[in-house]
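[1] let's see this in three dimensions:
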Amino acid sequence: MSEIDDLTPAELRIRRAFPRGEPVDFRTAENEDPAPGDTWGAERTVRASVLRALLLKAPQEDGEIAALKVTGARITGVLDLKYATIDAAVRLSHCHFDDAPDLYGARLRQLNLSKSVLPGLTSGALRVEGVLRMTDCRTRGPVRLGGAQISGALFMERAQFTAPDDSEPVLQLNQAEIGDDLWAPEMRAHGQVRLTGAAVAGRINVQDAEFHHPGGTALDAQNLTVGAHVRARCLRARGRVELRGSRISGRLDLLHAHLSHPGDTALRASSCVIGELWLRRGDRIEGALNLRRSHIEILTLEPEMLPDQVHLSNLTYTVLAPHEPAERRLPMLELEGDRYEPYGYEQLTAAYRHVGDDDAARLVQLAKQRRRRATLTWYGRLWGHVQDATVGYGFRPLRAAVWLLSLTAVGSIAYGLHHPRPVKADEAPGFNPVFYTLDLLLPVVNFGQESAFAPDGWYQWLSYALIITGWILATTILAGVTRTVSRQ
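    Prediction:
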């Protein structure tokens, strides 16, 4: 090929090293920055067409394994490997690309672009049998890896992704399949990162990463599938984090995370199945939190991180940690808005019963009844207030005893000072103010006092009040007991 016939000294070094898999290093210093690589001279400039010809022709030497290992070169032109099948490993590290490589549909054994600077990367439907490394990469345009299949891990530690405009995501991994881990701690993305429909068999590590797309979706990971954990500690996201419909077998770790999308949803993890979700020790979420219809085995949620708006309808969890008093957990059920969502109260009750805190469970149920009361008609609300004041909807049974003792004391004193006249003087039993009062208060108990004596004046009105109060008290106790027994 003509590109092979007129090689420059730099290209000739690479041509000679390729069959033996030997590295070629053009750097003048180990820590050299490739960003100003467009100023490098001919002594370290390589045409992309030469690299393409080498990879496609793949000259061999007996007993050697060919590989392209170039460090610190300026690569001019487009490295066009569309639909190519490359058996040799490719390592182009610390390099400066003048144009974005096109690897669409290519099949590679291994690709290493660590610490290189690129104007973008077109690699949709790429197949990599081993590992794809983009550690410390810096891109100035979109990186398209949608539909890529990577048998090994994808490394993007400290990579920086930017683009001149918001016309498309700066990093596209939608529908990608990664056979091992996605390793990207301290990654920086100024624009949207798309992971919709991606499948990662191992872990995702984005600890200390930054997703910056204010006013839009910073991380779009709908329907993401992860076989292990997602480590996102100290994550900083300005813009929405979208996880709707995702499946995370292990833990979604958002310790010390800062999530900010004011006026909109900061984190949406609705309709998800997650082993554990950790939201604690971080800054208060700026924007709404949406966990609707998700199933989470262990939900670790600190009240201090909750924003002003929380959506929890039909959220299912088995354990809620850390263990907090019910008074600290109930406000999150009221952040849903004006709608009454009974399922949230039942779920919180179940979580408290799961750890044996029956007092907290009863307090949640009492709060549920009070919240429900606001949705009733005026007479329903009135009856609810009566049940609340007398027996706390059945969750405060000692209140009934207090009411009974108080009314018994009032009646006993009143009738003890002024005995009602007997109906039949020759047949009346001895008057007892305590049992006479109990006869009035207790509808189903008869001590023979009420029928034998007839009060007059205001004492008669007192007896009417005691009878009515007794019936109300008995009815509310029965309603509360029925509610409690049916729930258990």
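[2] okay, residue 35: pLDDT?
    Per-residue pLDDT puts residue 35 at 94.
[3] so which residues of the chain form helices?
    Using DSSP state H, the helices of the chain run over residues 2-5, 9-17, 48-57, 326-333, 342-354, 358-373, 378-391, 398-417, 433-441, 458-487.
[4] can you say which of these is packed in most?
    helix 433-441 (a mean of 22; mean count of other CB atoms under 10 Å). Quick note: C-beta positions are derived from backbone N, CA and C, even for glycine.
[5] relative to the whole chain's centre, how far out is that one?
    59 Å (CA atoms, centre = their mean, to the nearest Å).
[6] now swap in stretch 96-107 and tell me
    35 Å.
[7] between the helices of the chain, which one is closest to residue 248.
    Proximity to residue 248, assessed across these by CB to CB, is greatest for helix 342-354 (19.8 Å).
[8] rewinding a little: now tabulate the helices of the chain in a markdown table and tack on distance to residue 38 and mean pLDDT.
    Shown next, in a markdown table, are the helices of the chain (distance: least, CB to CB, whole Å; pLDDT from 0 to 100):
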| stretch | distance to residue 38 | mean pLDDT |
| --- | --- | --- |
| helix 2-5 | 21 | 54 |
| helix 9-17 | 16 | 94 |
| helix 48-57 | 14 | 94 |
| helix 326-333 | 54 | 89 |
| helix 342-354 | 58 | 90 |
| helix 358-373 | 64 | 85 |
| helix 378-391 | 75 | 74 |
| helix 398-417 | 81 | 79 |
| helix 433-441 | 95 | 81 |
| helix 458-487 | 72 | 71 |
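[9] surely residue 233 is in contact with residue 251?
    No. Residue 233 is not in contact with residue 251 according to CB atoms under 8 Å; the separation is 10.7 Å.
[10] between those two, which one's more packed in?
    Taking neighbours as other CB atoms under 10 Å, residue 233 and residue 251 compare with residue 251 leading, 21 against 18.
[11] let me know the pLDDT of the residue nearest to that one when sequence neighbours are not counted.
    Spatially, and ignoring its direct neighbours in sequence, residue 251 is nearest to residue 276 (4.1 Å; CB to CB, 6 or more residues apart in numbering). We have a pLDDT of 96 for residue 276.
[12] how about low-confidence regions in the chain?
    For the chain, the stretches with pLDDT under 70 are 1-5, 336-338, 387, 389-400, 476-488.
[13] do that again at 90, thanks
    Low-confidence segments of the chain, defined by pLDDT under 90: 1-6, 30, 58-64, 163-167, 282, 313, 330-345, 358-488.
[14] and the residue nearest the centre of it?
    Closest to where the C-alpha atoms of the chain average out (CA atoms, centre = their mean) is residue 269, at 4.7 Å.
[15] for it, give its distance to residue 112.
    Residue 269 sits 34 Å away from residue 112, going by CB to CB, to the nearest Å.
[16] contact partners for the nearest residue to residue 309 once chain neighbours are set aside?
    In this structure, residue 309 finds its nearest non-sequential neighbour in residue 288, 4.1 Å apart by CB to CB, 6+ apart. With contacts defined as CB atoms under 8 Å, 6 or more residues apart in numbering, residue 288 is in contact with 264, 265, 266, 307, 309, 310, 311.
[17] from those residues, which ones fall inside strands?
    264, 265, 266, 310, 311 (DSSP state E).
[18] residue contacts, residue 263?
    residue 287.
[19] could you shift the numbering so residue one becomes 539, and keep it that way?
    With the count now opening at 539, the last piece we talked about shows up as residue 801.
[20] distance of the closest residue to residue 616 other than its chain neighbours from residue 776?
    Of all residues not flanking residue 616 in the chain, residue 637 sits nearest, at 4.6 Å (CB to CB, 6+ apart). To residue 776, residue 637 is 31 Å away according to CB to CB.
[21] still on that earlier bit, which one of the ones in strands among the contacts of residue 826 sits closest to residue 753?
    Nearest to residue 753 among the ones in strands among the contacts of residue 826, with distances taken as CB to CB, is residue 802, at 8.3 Å.
[22] my guess is the closest one contacts residue 780. True?
    No. Under the criterion of CB under 8 Å, residue 802 makes no contact with residue 780, lying 11.0 Å away.
[23] so for those two, which residue has more residues nearby?
    Using other CB under 10 Å as the criterion, residue 802 and residue 780 rank with residue 780 on top: 24 against 15.
[24] now the terminal residues of stretch 735-742, how far apart.
    Start-to-end span of stretch 735-742 (CA to CA, to the nearest Å) is 14 Å.
[25] might one say that residue 843 is in contact with residue 823?
    Yes. The criterion here is CB under 8 Å, and residue 843 meets it with residue 823 at 5.8 Å.
[26] pull up the overlap in contacts between these two.
    With CB under 8 Å, 6+ apart, residue 843 and residue 823 have common neighbours residue 817.
[27] now the residue of the chain most remote from its centre: how far from residue 991?
    Residue farthest from the centre of the chain, counting by CA atoms, centre = their mean, is residue 964 at 79.9 Å. Distance, residue 964 to residue 991, by CB to CB: 14 Å.
[28] what of residue 754?
    81 Å.
[29] how about residue 613?
    Taking CB to CB, one finds residue 613 at 110 Å from residue 991.
[30] list the contacts for the residue nearest to the centre of the chain?
    Contacts of residue 807 by CB under 8 Å, 6+ apart are 781, 782, 784, 790, 815, 828, 829, 832.
[31] same list (those) but as JSON lines, adding distance to residue 673 and neighbour count.
    Below are the contacts of residue 807 laid out as JSON lines (distance: CB to CB, whole Å; neighbours: other CB atoms under 10 Å):
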{"residue": "781", "distance to residue 673": "25", "neighbour count": "28"}
{"residue": "782", "distance to residue 673": "30", "neighbour count": "20"}
{"residue": "784", "distance to residue 673": "26", "neighbour count": "25"}
{"residue": "790", "distance to residue 673": "24", "neighbour count": "23"}
{"residue": "815", "distance to residue 673": "29", "neighbour count": "25"}
{"residue": "828", "distance to residue 673": "34", "neighbour count": "24"}
{"residue": "829", "distance to residue 673": "34", "neighbour count": "26"}
{"residue": "832", "distance to residue 673": "33", "neighbour count": "24"}
